[in-house]
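Need a 3D model of the sequence below.
(2 chains)
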Amino acid sequence: MKSMLMIAALVASVSSVARAEEEDPFADAVEMRHGLMLQMATDLGKVGAMAKGEAPYDQAVAARAAANIAAIASVLSMDQFPAGSEYQASADSYALPAIWTAQDDFLVKIADLNTAAAGFQTAAATDVDALKAGMGALGGACSACHKAYRQPEE
Amino acid sequence: MRVLAWVVGLGALAAAVLWFLARPDPLAEADVAGLTGDVTRGEAVFWAAGCASCHMAADATGDAELVLAGGQRFPSDFGTFIAPNISQDPEQGIGGWSLLDLANAITRGVSPEGEHYFPALPYAAYARMQMQDVADLHAFLQTLPADATPSQPHELAFPFSRREAVGVWKLLFMGKDWAVPGSLTPTAERGRYIAEALAHCGECHTPRNALGGLDTGRWLGGAPNPSGKGRIPNITQAKLGWSAADIVQYLTTGFTPDYDSVGGHMVHVVENMARLPESDRQAVAEYLLAVPSVE
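Numbers count the residues shown, from 1 in each chain, chains lettered A, B, ... in the order given. Okay, here's the model as predicted:
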């Protein structure tokens, strides 16, 4: 009897997970943007360690990380932000509704990130001082968008 | 009956003494005599003290950050404070202010008319400022544009709307002592000056008691967000656990050690800190590592 109950509970929980996925049409979009941000953070970690002096400056590694950051920036678009995939409407989404109500500005901020990332590619391939100085503008572009369009974590 | 008369009499005397002690306590002309401000140094003081973060229009960027027309709203347990116009407009702003007026406002919390300001203006921190820095700031502020937007009244509930009560608050909570006392390394002491006197980190990162005074025993130990959402983090080593290099990078770029980026009002703080020389961010990092841990 007890095992029957456990199986029933298991089936119920699995089906509720499946149902939640069915009911969240934006799960892929949210996963896609989180994946892009995770790759971005990984590449930033490589150049950031050099900026902090925790890793020796390696031009090839820095240039590759900066190229990745620029590539990710170039992919960012409304494709990952379908209307409705916002905070509390979609699981794990921290996207604020202003993304869609102020879409022009959101796209300007993505363009700003692309500009900063292009500048950073040059800086990262130059030397460690240029790399250090270049991270400020890059970080500014990240936080400008996050400040306006991301729900702060509790 | 005689006892009652005594109680009433003593009560009146106590009230009179309190009124006397809690009256506005402005500086004298002699306190600022002979000081000449330097615009370039004043700009560094301006960013370190975070003036624009509150006094610019909400979401201003670029040159608009230097238009200090006010209007940003700051909710609190006592009501909503609305940042006033501190642009150079002589009518609506502070265009007509002398150095003494500015020094009284930011280090004593007293207006040119001799009234208490509410401590939403972090004069309890600025009270520790060096007077030369105030003079430099005064010189820099005079280079900023005028804007004729009128200041809006604060939206406070009685009794917090009474400015007289602020005098008692000052008696209880305002002092010039450092929150992290004693002698530190010269670098950490520079960091202490930036963090405690100018950047007023404790205003958000330190919890407050019921009367709105900072609980200095839990200095920088984290506090509820006055906007009502979430918490301002504990940034002592017990909880933060960042290296000096991590802190410097965060204050320069806004990247956390996980390469997430800064959020909320702290975005302004990072923008401000990023404008200072790297040696100042290094100093703040060294100070932060010297702050006693709060569990």
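
okay, CA-based contacts and neighbour counts for the rest of this
OK.

In space, what's closest to residue B:90 - neighbours in sequence excluded?
With sequence-adjacent residues excluded and distances taken as CA to CA, 6 or more residues apart in numbering or on different chains, residue B:90 is closest to residue B:96, at 5.0 Å.

From residue B:132, how far off is the one you found?
20 Å (CA to CA, to the nearest Å).

Check residue B:278 too.
22 Å.

again, but for residue B:124
From residue B:124 to residue B:132 the distance is 18 Å (CA to CA).

Same question for residue B:220.
Distance from residue B:220 to residue B:132, by CA to CA: 27 Å.

which residues does residue 137 contact?
Since no chain was named, I'll use chain A. Counting by CA atoms under 8 Å, 6 or more residues apart in numbering or on different chains, residue A:137 makes contact with A:116, B:253.

Hmm, no, I was thinking of chain B.
B:37, B:38, B:39, B:41, B:42, B:43, B:45, B:46.

Mind doing that once more with 6 Å?
Contact analysis of residue B:137 by CA atoms under 6 Å, 6 or more residues apart in numbering or on different chains lists residue B:42.

how far away is it from residue B:126?
From residue B:137 to residue B:126 the distance is 12 Å (CA to CA).

Assumed residue A:69 was part of a helix.
Yes: applying DSSP: H, G, I helix; E, B strand; the rest coil, one finds residue A:69 inside a helix.

List the contacts of it.
residue A:40.

How far away from the center of its chain is the helix or strand where residue B:100 lies?
For residue B:100, the host element (DSSP states H and E) is helix B:99-103. Here helix B:99-103 is found 16 Å from its chain centre; the criterion is CA atoms, centre = their mean, to the nearest Å.

Can you tell me what sits against the helix or strand following that helix?
Next helix or strand after helix B:99-103 toward the C-terminus (DSSP H and E): helix B:123-126. With contact meaning CA under 6 Å, 6+ apart, helix B:123-126 is reached by B:106, B:107, B:109, B:174, B:197, B:198, B:200.

Tell me who's in contact with the first one.
The neighbours of residue B:106, taking CA under 6 Å, 6+ apart as the test, are B:123, B:126.

can you check residue B:285 too?
Residues counted as contacts of residue B:285 (CA under 6 Å, 6+ apart) are B:244, B:247.

mind checking the SS state of it?
Residue B:285 falls in the helix class when you classify it by three-state DSSP.

Tell me the confidence at it?
We have a pLDDT of 98 for residue B:285.

And it, how far from residue B:249?
10 Å.

Equivalent analysis for residue B:208, please.
Per CA to CA, residue B:208 is found 29 Å from residue B:249.

Number of residues surrounding the closest residue to chain A within the stretch 101-250 of chain B?
Proximity of the stretch 101-250 of chain B to chain A (CA to the nearest CA) peaks at residue B:230, 4.7 Å away. The local packing of residue B:230 (other CA atoms under 10 Å in any protein chain shown) involves 13 other residues.

Can you list the residue ranges for helices in chain A?
A:2-23, A:27-51, A:59-75, A:98-101, A:103-126, A:128-149 (DSSP state H).

residues of the shortest one that come out buried?
Along helix A:98-101, the positions that meet the burial threshold by neighbour count (16 or more other CA atoms under 10 Å in any protein chain shown) are A:99, A:100.

excluding its backbone neighbours, what's nearest residue B:160?
Leaving aside its chain neighbours, residue B:160 sits nearest to residue B:78 (6.3 Å; criterion: CA to CA, 6+ apart).

Report how many residues lie close to the one you found.
Neighbours of residue B:78 under the rule other CA under 10 Å: 15.

And the one 3 residues further on, by the same measure?
Here the number of neighbours of residue B:81 (other CA under 10 Å) works out to 21.

Sheet-wise, list the partners of whichever strand or helix holds it with their directions.
Per DSSP H and E: residue B:81 is located in strand B:79-82. Each strand paired with strand B:79-82, and its direction, by DSSP bridges: strand B:73-76 (antiparallel), strand B:155-156 (antiparallel).

List the contacts of the last one.
For strand B:155-156, the external contacting residues (CA under 6 Å, 6+ apart) are B:79, B:80.

ok, then the element right after it?
helix B:164-173.

Put the alpha carbons of that next one into PDB.
The C-alpha coordinates for helix B:164-173 follow below in PDB (Å, rounded to 0.1, in the frame of the first residue of the first chain):
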ATOM      1  CA  GLU B 164      12.300  69.900  15.400                       C
ATOM      2  CA  ALA B 165      12.500  66.100  16.000                       C
ATOM      3  CA  VAL B 166      15.500  65.900  13.700                       C
ATOM      4  CA  GLY B 167      17.500  67.800  16.400                       C
ATOM      5  CA  VAL B 168      16.900  65.000  18.900                       C
ATOM      6  CA  TRP B 169      17.900  62.500  16.200                       C
ATOM      7  CA  LYS B 170      21.100  64.300  15.700                       C
ATOM      8  CA  LEU B 171      21.800  64.300  19.400                       C
ATOM      9  CA  LEU B 172      21.300  60.600  19.500                       C
ATOM     10  CA  PHE B 173      23.000  59.400  16.300                       C
END
